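>>> here are the coordinates; sequence isn't available:
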């Protein structure tokens, strides 16, 4: 088992399953769907904050070929995005070799011989893109240390059985290894830069990424960025490589913040209903949205009504402005109610007003009127966004979803493999490979069947 893992060149990030932002939604009907940013969009949320993405390369004086590869990769991604979108002015990616001022760097492309972390050594990883760092760190491992292990095993019939962690690390870090050729390093770099631009791995019917087309699969012969991969980047950047800050939620204690969203986007709106000292706990929320504003504060005249109260759950939508509305309500804590609304905007509007009505257990109501709470602006790529199949950007996080059984199984296998390798690593510290593989089996790591918790929005705060 471990031999196969060591001999497999992995182009992927080892399964770190923490997402930058996780939002889940349940429809009021029997259909349930959960939408979420891809994990790798963490980079675009916290890194790429101007109209150009600047990648920096350092410490390649001994092998300038790596600088050439990184520069060509960045240019290839830039040119391909421009080709598909036909918008050359809004995509700008630059490469800086040995920058004098690293404050300009939105991301780094690092080339090193072999990995340091033991788990990467045991997995035979060839590239790594970290989605949750202050800059977009991409690391490429340039030496084929997996083949070195295979060559040693040919000459030593007992190699795998007697292999210990100390011996493994000595071979990986101190032996000489063949270097991957230009094409392989180029291809791995292309894949990892794709991750830093927000792309995840593609979905395949049988879960075999070796068969997937495009640069984000594992097939080394696939060297072309597909149109679909570019369109997924467009989904992550509706106005090109720029960051438009907007509030994550509407806080009813401070109703003066305004949320700006783009036409065609799947949009998340979270309304926090604050607890009030000495008041009964809220049990339900009604939201009335007036996209063109209102001169009357009569909820019945709102074109969009979302009611989530005890005994009554309904959505009324004239579909002129919003489509695919889904809502869920949960608790931040014991008293605070949170209403999460997800929708796709299909028409521009300005200065939308909103009325929020809270109901308490005693039947009392409290009403907030919020003025100019939301704008919808036309994105450069609105026509593309409106044509995209939004289900390509969905997966179920916290409940049963028949459309995502394959994905859940794939995620489980990744976690199972990770736990198995970690256990082997611990065992190899004091034993040889034969002892460890006799004691530890991958099937010992079973899927957690415990009930999933109630959905909660999660925000990962970065240092």
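Received, thanks. Since this is a predicted model, take the numbers as computed values, not measurements. Numbering: from 1, shown residues only.
>>> rest of the way, CA atoms for contacts and neighbours
Will do.
>>> Show me the shaky parts of the chain.
Low-confidence segments of the chain (pLDDT under 70): 1-50, 131-132, 204-207, 243-249, 253-256, 275-278, 330-335, 388-411, 447-463.
>>> for the residue nearest to residue 184 when sequence neighbours are not counted, helix, strand, or coil?
Leaving out its chain neighbours, the residue that sits closest to residue 184 by CA to CA, 6 or more residues apart in numbering is residue 220, at 7.5 Å. Following DSSP: H, G, I helix; E, B strand; the rest coil, we place residue 220 in the coil state.
>>> I figured residue 220 hits residue 186, correct?
No. Counting by CA atoms under 8 Å, residue 220 sits too far from residue 186 to count as a contact (10.3 Å).
>>> Now do the contacts for residue 383.
Residues in contact with residue 383 (CA atoms under 8 Å, 6 or more residues apart in numbering) are residue 264.
>>> isn't there a helix covering it?
Yes. Counting by three-state DSSP, one finds residue 383 located in a helix.
>>> Could you chop the protein up by domain?
As recorded under automatic domain parsing, the domains making up the chain are 2-21+38-240, 249-379.
>>> in the protein, which spans are helices?
2-6, 42-46, 65-85, 118-123, 145-155, 159-162, 165-174, 182-196, 227-236, 382-387, 405-428, 433-439 (DSSP state H).
>>> Mind putting the ones you listed into a markdown table with distance to residue 107?
Compiled in a markdown table, the helices of the chain are given as follows (distance: least, CA to CA, whole Å):
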| stretch | distance to residue 107 |
| --- | --- |
| helix 2-6 | 29 |
| helix 42-46 | 9 |
| helix 65-85 | 11 |
| helix 118-123 | 21 |
| helix 145-155 | 26 |
| helix 159-162 | 39 |
| helix 165-174 | 26 |
| helix 182-196 | 8 |
| helix 227-236 | 17 |
| helix 382-387 | 26 |
| helix 405-428 | 27 |
| helix 433-439 | 39 |
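>>> Of all those, which one is nearest residue 138?
The minimum distance between residue 138 and those falls on helix 182-196, with 6.3 Å, by CA to CA.
>>> how about stretch 162-176: buried residues?
Going by neighbour count (16 or more other CA atoms under 10 Å), the buried part of stretch 162-176 is 162-165, 168-169, 171-173.
>>> Over to stretch 283-299?
So, applying 16+ other CA under 10 Å, buried residues of stretch 283-299: 283-294, 299.
>>> can you check stretch 57-64 too?
Under the neighbour-count criterion of 16+ other CA under 10 Å, stretch 57-64 has residue 57 buried.
>>> How about residues contacting it?
Contacts for stretch 57-64 (CA under 8 Å, 6+ apart): 66-67, 70, 95-99, 108-111.
>>> so which of those residues comes closest to residue 385?
residue 95 (28.4 Å).
>>> Distance of residue 213 relative to residue 223?
As judged by CA to CA, to the nearest Å, residue 213 and residue 223 stand 9 Å apart.
>>> ditto for residue 293
50 Å.
>>> One more: residue 437?
Residue 437 is 37 Å from residue 223, by CA to CA.
>>> again with residue 234
Distance from residue 234 to residue 223, by CA to CA: 20 Å.
>>> quick one: which of the two has more around it?
More crowded of residue 234 and residue 223, by other CA atoms under 10 Å: residue 234, with 22 against 19.
>>> I figured the more buried one hits residue 381, correct?
Yes. If you go by CA under 8 Å, residue 234 and residue 381 touch, sitting 7.2 Å apart.
>>> Could I get the contacting residues of the nearest residue to residue 265 once chain neighbours are set aside?
What sits nearest to residue 265 in space, not counting adjacent residues and going by CA to CA, 6+ apart, is residue 344, at 5.6 Å. Residue 344 makes contact with 263-267, 322-325, according to CA under 8 Å, 6+ apart.
>>> For the stretch 301-450 of the chain, which segments count as strands?
With DSSP state E, counting those that start in this stretch as the criterion, the stretch 301-450 of the chain has strands at 304-309, 312-317, 322-331, 337-345, 349-360, 365-377.
>>> which of these is buried the deepest?
strand 337-345 (a mean of 22; mean count of other CA atoms under 10 Å).
>>> now it and strand 304-309, what's the angle there?
Strand 337-345 and strand 304-309 are oriented at 150 degrees to each other (axes from the mean of the first three to the mean of the last three CA atoms, to 10 degrees).
>>> Run me through the strand neighbours of strand 337-345, direction for each.
strand 266-273 (antiparallel), strand 322-331 (antiparallel) (DSSP bridges).
>>> would you list those strands in CSV and tack on distance to residue 155?
Shown next, in CSV, are the strands paired with strand 337-345 (distance: least, CA to CA, whole Å):
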stretch, distance to residue 155
strand 266-273, 57
strand 322-331, 61
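>>> residues near residue 116, how many?
12.
>>> just how off-centre is stretch 436-448 within its chain?
29 Å (CA atoms, centre = their mean, to the nearest Å).
>>> hang on, I meant stretch 54-73
With CA atoms, centre = their mean, you get 26 Å for stretch 54-73.
>>> Look up how far residue 212 lies from the residue nearest to residue 184.
10 Å.
>>> cool, and residue 52?
Going from residue 52 to residue 212 by CA to CA gives 30 Å.
>>> now swap in residue 348 and tell me
37 Å.
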